[in-house]
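**Student:** quick one: sequence and predicted model below, then my questions.
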Amino acid sequence: MSKPPAFQLYAKDFLGSGTTVMTLAECGAYIRLLCHAWDSDPVATLPDNDYALFKLSGADSKDEWSEVKKAVLAKFDKERFPGRLTNLRLREYYDELSEHAEKQSERAKKGAAARWSGKKQEPQIQDEDDA
């Protein structure tokens, strides 16, 4: 499956996931990192590299990154992919999309096989009276 260019942001889930206690700078860095994570390979991951995260976050300075880093990185897990940080909710969403696309593909293949597996019928020629 090719990855969709966008992911859905469910307001209730986003607000209920602890972002309401984030500062504006923390929330902004988090959103930017989610976007970069969606566009990464593997999907929903970021490099486990402080300087790269600082640059990807859009923080104005290393000091600002130091101020927001703890709150932002609390939303990412280190265990799933070695050397990468994973946002588990974003990864779950991607896995659900992939599973749905795979099921749709299988259904389409079965439908096509059923449609084409029957014997080809000779074209029916209508009498002049029927036309």
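**Tutor:** It's in.

**Student:** what's the pLDDT at the most centrally placed residue in the chain?
**Tutor:** Within the chain, one residue has its C-alpha closest to the average C-alpha position: by CA atoms, centre = their mean, that is residue 94, at 3.9 Å. With respect to pLDDT, residue 94 scores 93.

**Student:** find the residue closest to it in space, skipping its chain neighbours.
**Tutor:** Ranked by CB to CB, 6 or more residues apart in numbering and with sequence neighbours excluded, the top spatial neighbour of residue 94 is residue 43, at 4.6 Å. Heads up, the C-betas are built off the backbone N, CA and C, glycines and all.

**Student:** wait, what's in contact with that neighbour?
**Tutor:** Residue 43 is in contact with 3, 37, 90-91, 94, counting by CB atoms under 8 Å, 6 or more residues apart in numbering.

**Student:** okay, these in CSV with secondary structure and distance to residue 28 next?
**Tutor:** Putting these into CSV (DSSP: H, G, I helix; E, B strand; the rest coil; distance: CB to CB, whole Å) gives the following:
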residue, secondary structure, distance to residue 28
3, coil, 24
37, helix, 15
90, helix, 17
91, helix, 22
94, helix, 23
